[in-house]
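Engineer: Can you look at this prediction? I've put the sequence above it.
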Amino acid sequence: MPRPISRSAGVAWRLDITCRLRRLACVLPDRRGVSVLEFAIAAPVMLALAIGTFKFGATLMHQMVLTNAAAQGALTLALSRGTTSPYSSTTTAINNAASSLTTASITTTVTINGTACSTNTACSALMSAGVTAVVRTTYPCDLSVMGINYKSSCTISAQTAQMVQ
């Protein structure tokens, strides 16, 4: 005797739901792609932090090199009294001390006893024993990480003063 249509439709419907639930039950504990997904989310953040750390470290290294170069320049200037090229020897000492930096990007300002000088003759005229010679240096820095510039007009600077001998 044939079965009623409604009963077979109900069984088919129950079988369909059971099969779908089994597939869902089989898929849920499958964790094969989870680690790839976590890596895809975390990798850009970790990469940005690592690159930012290296950029900041390089900027700090440039600051230390520039400070040392300014100190070397001030010492050279303080010992250049009586020479014909105090300004040139000062800038040469700064460039030699900052050999890891781009020398064309280093800006140097020399002040002797409060008066700025930018030539050998002007510096020679201002130099006398006991006055203060100040050397200021600036250098541009780059704090862009993954296309984002965190400080667009970043410059580092150093200043050292010495008494002219």
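Structural biologist: All right, it came through fine. Residues are numbered from 1 along each chain as shown.

Engineer: Do a quick rundown of the strands in the chain.
Structural biologist: Remark: strands assigned in the chain by DSSP state E are 107-112, 115-117, 132-140, 144-145, 148-149, 155-163.

Engineer: Adding mean pLDDT, mean neighbour count and distance to L66, write the ones you listed out as JSON lines.
Structural biologist: The way it works is simple: take the backbone N, C-alpha and C, and place the C-beta from them, glycine included. Converted to JSON lines, the strands of the chain look like this (pLDDT from 0 to 100; neighbours: other Cβ atoms under 10 Å; distance: least, Cβ to Cβ, whole Å):
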{"stretch": "strand 107-112", "mean pLDDT": "97", "mean neighbour count": "18", "distance to L66": "10"}
{"stretch": "strand 115-117", "mean pLDDT": "95", "mean neighbour count": "16", "distance to L66": "19"}
{"stretch": "strand 132-140", "mean pLDDT": "97", "mean neighbour count": "21", "distance to L66": "5"}
{"stretch": "strand 144-145", "mean pLDDT": "84", "mean neighbour count": "16", "distance to L66": "20"}
{"stretch": "strand 148-149", "mean pLDDT": "83", "mean neighbour count": "10", "distance to L66": "21"}
{"stretch": "strand 155-163", "mean pLDDT": "96", "mean neighbour count": "16", "distance to L66": "5"}
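
Engineer: Can I get these in CSV including distance to T90?
Structural biologist: Formatted as CSV, the strands of the chain follow (distance: least, Cβ to Cβ, whole Å):
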stretch, distance to T90
strand 107-112, 6
strand 115-117, 10
strand 132-140, 7
strand 144-145, 32
strand 148-149, 33
strand 155-163, 11
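
Engineer: out of these, nearest to S88?
Structural biologist: strand 107-112 (10.8 Å; Cβ to Cβ).

Engineer: Any chance you could list what contacts that closest one?
Structural biologist: For strand 107-112, the external contacting residues (Cβ atoms under 8 Å, 6 or more residues apart in numbering) are 73, 77, 87, 90-91, 94, 116-118, 123, 126-127, 131-139, 164.

Engineer: let's go with 10 Å and repeat that
Structural biologist: With contact meaning Cβ atoms under 10 Å, 6 or more residues apart in numbering, strand 107-112 is reached by 69-70, 73-74, 77-78, 81, 86-87, 90-91, 94-95, 116-119, 122-128, 131-140, 155, 157, 159, 161, 164.

Engineer: Strand partners (parallel or antiparallel) of that strand?
Structural biologist: Next to strand 107-112 in the sheet, as set by DSSP bridges, lie strand 115-117 (antiparallel), strand 132-140 (antiparallel).
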